[in-house]
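Engineer: Can you look at this prediction? I've put the sequence above it.
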Amino acid sequence: MPHSRFLKVACECGNESVVFDRASKPVRCAACNAVLAEPAGGRAHVKAKVVKSLG
Ligand SMILES: [Zn+2]
């Protein structure tokens, strides 16, 4: 199994959020409510731009 990790992502609105890359629920931007990541059978499908991996 790959290690779980966190990703820092930037929403289209400019707000940055940290998402768990094995999120089991959709992750939304706190500022504009856009979906940043969706669960995809294990690893989340990240829809926002990944700024960096936080390991
Ligand atoms: Zn946003």
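Structural biologist: Cool, got the structure. Just so we're clear, the structure is a prediction, and the values are computed from it rather than from any experiment.

Engineer: which ones are touching the closest residue in space to residue 34 that isn't next to it in sequence?
Structural biologist: Spatial nearest neighbour of residue 34, chain neighbours left out: residue 11 (5.6 Å); criterion: C-beta to C-beta, 6 or more residues apart in numbering. C-beta coordinates here come from the backbone N, C-alpha and C atoms, glycine included. Counting by C-beta atoms under 8 Å, 6 or more residues apart in numbering, residue 11 makes contact with 17, 29, 31, 32, 34, 36, 48.

Engineer: tell me which element the first one falls in.
Structural biologist: Secondary structure here is read from DSSP states H and E; on that basis residue 17 sits in strand 16-20.

Engineer: what packs against that strand?
Structural biologist: Here strand 16-20 touches strand 6-10, strand 27-28, strand 35-38, going by 3 or more C-beta pairs under 8 Å, 6 or more residues apart in numbering; DSSP states H and E.

Engineer: so what strands line up beside that strand?
Structural biologist: strand 6-10 (antiparallel) (DSSP bridges).

Engineer: just to revisit the earlier point, could I get the helices and strands packed on strand 16-20 in JSON lines, plus columns for distance to the ion?
Structural biologist: JSON lines is the format used below for these (distance: least, C-beta to the ion, whole Å):
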{"stretch": "strand 6-10", "distance to the ion": "9"}
{"stretch": "strand 27-28", "distance to the ion": "8"}
{"stretch": "strand 35-38", "distance to the ion": "8"}
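
Engineer: so can I have TSV of those strands showing mean pLDDT?
Structural biologist: Shown next, in TSV, are the helices and strands packed on strand 16-20 (pLDDT from 0 to 100):
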stretch	mean pLDDT
strand 6-10	96
strand 27-28	96
strand 35-38	96
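
Engineer: In JSON lines: these, plus mean neighbour count.
Structural biologist: Shown next, in JSON lines, are the helices and strands packed on strand 16-20 (neighbours: other C-beta atoms under 10 Å):
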{"stretch": "strand 6-10", "mean neighbour count": "18"}
{"stretch": "strand 27-28", "mean neighbour count": "20"}
{"stretch": "strand 35-38", "mean neighbour count": "19"}
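
Engineer: would you turn those strands into CSV with distance to residue 21?
Structural biologist: Converted to CSV, those look like this (distance: least, C-beta to C-beta, whole Å):
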stretch, distance to residue 21
strand 6-10, 5
strand 27-28, 10
strand 35-38, 8
